[in-house]
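1. here you go, sequence then predicted model.
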Amino acid sequence: MSHFLDIHTTDPVALRQMLDQAAAMKAARAGRPRGAPDDEQPLSGRMVALIFEKPSTRTRVSFDVGVRQMGGQTMLLSGAEMQLGHGETIADTARVLSRYVDLIMIRTFDESVLAEMAEYADVPVINGLTDRTHPCQIMADILTYEEHRGPIAGRKVVWSGDGNNVCASWLHAAGQFGFDFTFTGPASLDPEAEFVGLARSAGSTVVIERDPARAVEGADLVVTDTWVSMHDSQSAKERRHNLLRGYQVNEELMAHAKPDALFMHCLPAHREEEVTSAVMDGPQSVIWDEAENRLHAQKAVMRWCLGV
Ligand code: CP
Ligand code: NVA
């Protein structure tokens, strides 16, 4: 069963094939209206369940549109409207859904929900974000980097801010795609040591540097994300802002990176907090391509999951 649960648990050859296919599929439909079908309809006759236990704009719309472009159908489900977590086990939900749909994408809180869904579903399961990881995002990000700058292998990616779920999937990707990764942020918000260890044991150089200007020296790509994630308590907001203020990505920080460095943010962004509008809307930013590429990358992920 080809579940897409995390980047480090997916075969690197398969990851590369997915990105190649994503780029080819994107090129093949260039210039068409968004709702126009692809020439190939590999999801014809397939039903995809999209389950959200947290809000979403990009993941929700890009999966839905991607399935339709490939000839499939979708069912959007919110966790609150299902029996999820209301007594029925995740395992039983997985068994039932497997009788109705061909593929399940789920965005949830604790990754144990994702793991249980995958263990008991008879159909592939895709991780649409958990508190700990966001692999679909990083597939789109690497597709975007390579579109603009060529192979990411050997490049230096710098993450400035909170060592959160998106940062974790970047670390997973560092090992699989062979790039170096520097984290800069306060020690209390470091990425999980397990994930740093995974990247290092896969041969990637991982640096933890508290000084953001030094961290960004020689960067090919600078990335950040919100200072307060959906799973973080709102009561921690002020403390997090105080801890992270010095890690804002602004023009002054970008000036320390390579002159042709790119800027990425998974979005939604909080302008003038983790990143300034000058950077977001500036010449180094590729955030809109990054958002678009969620669509193309995930189409390839779904094809891989279904073997079509
Ligand atoms: N980047 C991302 O996953 O965005 P959404 O929360 O809008 O899906
Ligand atoms: N770190 C953010 C990413 C949103 C796409 C969150 O989990 O809220």
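-> Cool, got the structure. Ligands and ions are numbered 1, 2, ... in the order given.
2. from M47, how far out is the closest residue to G178 other than its chain neighbours?
-> Nearest non-adjacent residue to G178, counting by Cβ to Cβ, 6 or more residues apart in numbering: A153, 4.1 Å away. To be clear about C-beta, it is placed using only N, CA and C from the backbone, and glycine gets the same treatment. A153 is 37 Å from M47, where distance means Cβ to Cβ, to the nearest Å.
3. same thing with V206?
-> V206 is 41 Å from M47, by Cβ to Cβ.
4. before we move on, the earlier item: more crowded one of A153 and M47?
-> Shown here are A153 and M47; by other Cβ atoms under 10 Å, M47 has more neighbours (16 against 10).
5. can you classify the nearest residue to the more buried one once chain neighbours are set aside as helix, strand or coil?
-> Closest residue to M47 apart from its sequence neighbours, by Cβ to Cβ, 6+ apart: V101 at 4.5 Å. Put simply, V101 is coil when judged by DSSP: H, G, I helix; E, B strand; the rest coil.
6. give me the number of residues near V101?
-> Considering only other Cβ under 10 Å, V101 is surrounded by 19 other residues.
7. and it, what does it touch?
-> The neighbourhood of V101, defined by Cβ atoms under 8 Å, 6 or more residues apart in numbering, consists of 47-49, 75, 123.
8. the strands in the stretch 51-200 of the chain, which residues?
-> In the stretch 51-200 of the chain, the strands defined using DSSP state E, counting those that start in this stretch lie at 73-78, 103-107, 125-127, 156-160, 180-184.
9. strand partners (parallel or antiparallel) of the last one?
-> Sheet pairing for strand 180-184, assigned by DSSP bridges, gives strand 156-160 (parallel), strand 206-208 (parallel).
10. what does the second one give?
-> Under the criterion DSSP bridges, strand 103-107 sits next to strand 47-52 (parallel), strand 125-127 (parallel) in its sheet.
11. wait, which of the ones you listed is closest to R16?
-> Nearest of the strands paired with strand 103-107 to R16, taken as Cβ to Cβ: strand 125-127 at 18.2 Å.
12. what about that closest one, near ligand 1?
-> No - using Cβ under 6 Å from any ligand atom, strand 125-127 never reaches ligand 1; the gap is at least 11.2 Å.
13. is ligand 2 contacted by that strand?
-> No - judged by Cβ under 6 Å from any ligand atom, strand 125-127 and ligand 2 are separated, with a smallest distance of 12.3 Å.
14. state the mean pLDDT of that strand.
-> In this model, strand 125-127 carries a mean pLDDT of 98.
15. residues in contact with that strand: which ones?
-> By Cβ under 8 Å, 6+ apart, strand 125-127 touches 3-6, 94, 103-106, 111, 114, 117-118, 133-136, 298, 301-302, 305.
16. show me these that map onto helices.
-> Among the contacts of strand 125-127, the members found in helices (DSSP state H) are 94, 111, 114, 117-118, 135-136, 298, 301-302, 305.
17. please pick the buried ones from these.
-> 94, 111, 114, 117-118, 135-136, 298, 301-302, 305 (16 or more other Cβ atoms under 10 Å).
18. who's in contact with the spatially most central residue of the chain?
-> With distances taken as Cα atoms, centre = their mean, Q137 lies nearest the centre of the chain, 1.7 Å away. Contacts for Q137 (Cβ under 8 Å, 6+ apart) come out as 129, 166, 169, 266, 294.
19. which pLDDT value goes with it?
-> pLDDT recorded at Q137 is 99.
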